[in-house]
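K.L.:
this one's sequence-less:
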């Protein structure tokens, strides 16, 4: 044996580490559950109906605000060995306790109502969440109305949202083949469906007719103004709006509806100001964002007029990329390439182009919903950078149609004031450039730029 004293463990170890057992939590909970089943070390007995259940107060209080208050706020039950629960069935309590001790529950139609009642009464929020998820998976055209009532009764917002989404997707089918059922929809459910941006299976005129039929059924005119304000009149065509304004009794009897129709007519008449007039009655309904392709050049000679967007929904079972996945909107007046685009207020602005061996010095804009286009202003440039900020489109740099050389200017299309739309030059770039990219982002923290210098005209070009 060496005579020197052995080195202590403190001198051999160098650091501090947090060590974690992956099985400890599960094993403790499993042991507690076994104690519950064996009736060992339990300190309370719960009674529901004529059945008794052993449990641990600490476990119950950890899972439920209801039990935490019962056992810790000097209530009578806090000292009792046996507690009778009212409003909870023995089936519901059994499943609730199984969940509290295992984190698992077997749900089926025969027990779901009892489990929901127990979870709601005992404030077992995680249990209610699992019940909600189970019911969402069971959602169908047969039970959606009943599940909506369940969601309302037990305050299950995820289930309610799922029912609304389901009806949004199937409202066209319902209105065409099951009109009686459509007229029986609960008011709140119909209102939430009408508010959805994803309601694309019906045209706005068809949505209007559905709402009118619902109001006329059983004379539910007390909901007229609340429901009619969720119809997007700006998506209707002008002849339809004129007919509603002058001939429909509901519009003539409702000042709010009449004002909304008039607002939509003003929106259609103010073509150049439409990007600034986006509101609840003009916003497009759409399922999701998608990819648009505008113009382009085929094989060096043919320039494309079409405006297309990616739309695989028409062929849901086709998973290969190809022409069948692209839908077409209205064509542009002429083929374009080397142009730029910007989006503002759900409008697509197409800026400049090269086509047919020459530059096009005009700009178009397109309403993605109604697919209209109008000429806006001359610019004489292409291959510019384009960015949008505060109702203004900034066209930066580019290649000049007049001098055949890069530009150092910034042109601004200002749509911020209705009736005073104009185009003007902003400050010059540090160097002339075409093929440039531009965007608006937060400024670096060490700078403090003043955007007003970009927004004050340096040289006015004229009104739109």
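P.N.:
Sure thing, it's come through. Everything numeric here is computed off the predicted structure, so don't read it as measured data.

K.L.:
and residue 278, what helix or strand is that in?
P.N.:
Under the criterion DSSP states H and E, no helix or strand holds residue 278.

K.L.:
wait, it sits on residue 345?
P.N.:
Yes - contact criterion CB atoms under 8 Å: residue 278 and residue 345 qualify, at 4.6 Å. Glycine gets a C-beta too; all of them are placed from N, C-alpha and C.

K.L.:
can you tell me how far residue 239 sits from residue 226?
P.N.:
Plainly put, residue 239 is 27 Å away from residue 226 if you go by CB to CB, to the nearest Å.

K.L.:
ok, these two, which is more surrounded?
P.N.:
Using other CB atoms under 10 Å, the more surrounded residue of residue 239 and residue 226 is residue 226, with 12 against 8.

K.L.:
quick check: the more buried one is in a helix.
P.N.:
Yes - Residue 226 sits within a helix when classified using DSSP: H, G, I helix; E, B strand; the rest coil.

K.L.:
per-residue pLDDT, it?
P.N.:
Confidence at residue 226, expressed as pLDDT, is 92.

K.L.:
what strand or helix carries the spatially closest residue to it that is not a sequence neighbour?
P.N.:
Setting aside the residues directly before and after it, residue 226 is nearest to residue 191 in space (CB to CB, 6 or more residues apart in numbering), at 6.7 Å. Residue 191 is part of helix 187-195, with elements assigned from DSSP H and E.

K.L.:
tell me the helix or strand right after that helix.
P.N.:
helix 204-216.

K.L.:
residues in contact with the nearest residue to residue 214 once chain neighbours are set aside?
P.N.:
The shortest distance from residue 214 to any non-neighbouring residue, by CB to CB, 6+ apart, is to residue 183 (5.6 Å). Shown in contact with residue 183 (CB atoms under 8 Å, 6 or more residues apart in numbering): 213, 214, 217.

K.L.:
then residue 230?
P.N.:
191, 194, 195, 280.

K.L.:
does it sit in a helix, a strand or a coil?
P.N.:
Going by three-state DSSP: residue 230 is coil.

K.L.:
give me the pLDDT value at it.
P.N.:
Residue 230 is given a pLDDT of 94.

K.L.:
ditto for the one 10 residues further on
P.N.:
Per-residue pLDDT puts residue 240 at 94.

K.L.:
from memory it sits against residue 205, does it?
P.N.:
Yes - the criterion here is CB under 8 Å, and residue 240 meets it with residue 205 at 5.8 Å.

K.L.:
which helix runs longest in the protein?
P.N.:
Secondary structure of the chain read by DSSP state H shows that its longest helix is helix 157-177.

K.L.:
tell me the centre residue of this structure?
P.N.:
Central residue of the chain (CA atoms, centre = their mean): residue 197, 7.8 Å from the mean position.

K.L.:
for the closest residue to it other than its chain neighbours, what are its contacts?
P.N.:
Take residue 197 and drop its neighbours on the chain: the residue closest to it by CB to CB, 6+ apart is residue 285, 5.3 Å away. Listed by CB under 8 Å, 6+ apart, the contact partners of residue 285 are 196, 197, 198, 199, 200, 232, 235.

K.L.:
make TSV from those residues and add distance to residue 91 to it.
P.N.:
Shown next, in TSV, are the contacts of residue 285 (distance: CB to CB, whole Å):
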residue	distance to residue 91
196	37
197	41
198	38
199	40
200	43
232	47
235	50
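
K.L.:
quick check: domain ranges of this protein?
P.N.:
What automatic domain parsing lists as the domains of the chain is 25-138, 157-276, 335-463.

K.L.:
close enough to count as contact, residue 42 and residue 34?
P.N.:
No - under the criterion of CB under 8 Å, residue 42 makes no contact with residue 34, lying 11.4 Å away.

K.L.:
of these two, give the one with the bigger neighbour count.
P.N.:
residue 42 (18 against 11).

K.L.:
ok so the more buried one is a strand residue?
P.N.:
No - per three-state DSSP, residue 42 lies outside any strand segment and is coil.

K.L.:
now it: how far from residue 76?
P.N.:
19 Å.

K.L.:
helices of the stretch 351-464 of the chain, start to end?
P.N.:
Assigned by DSSP state H, counting those that start in this stretch, the stretch 351-464 of the chain shows helices spanning 452-455.

K.L.:
I meant to write the stretch 1-150 of the chain there.
P.N.:
Ranges of helices within the stretch 1-150 of the chain are 9-12, 24-38, 57-63, 65-72, 90-102, 112-122, 125-138, 144-153, based on DSSP H, counting those that start in this stretch.

K.L.:
what does the last one contact?
P.N.:
Contacts to helix 144-153, defined as CB under 8 Å, 6+ apart, come from residues 116, 132, 135, 138-139, 156-157, 159-160, 163, 166-167, 184-186, 188-189.

K.L.:
then stretch 17-31?
P.N.:
With CB under 8 Å, 6+ apart, stretch 17-31 has contacts from 101, 102, 103.

K.L.:
quick one: distance of it to the chain centre.
P.N.:
Distance, stretch centre to chain centre, for stretch 17-31: 40 Å (CA atoms, centre = their mean, to the nearest Å).
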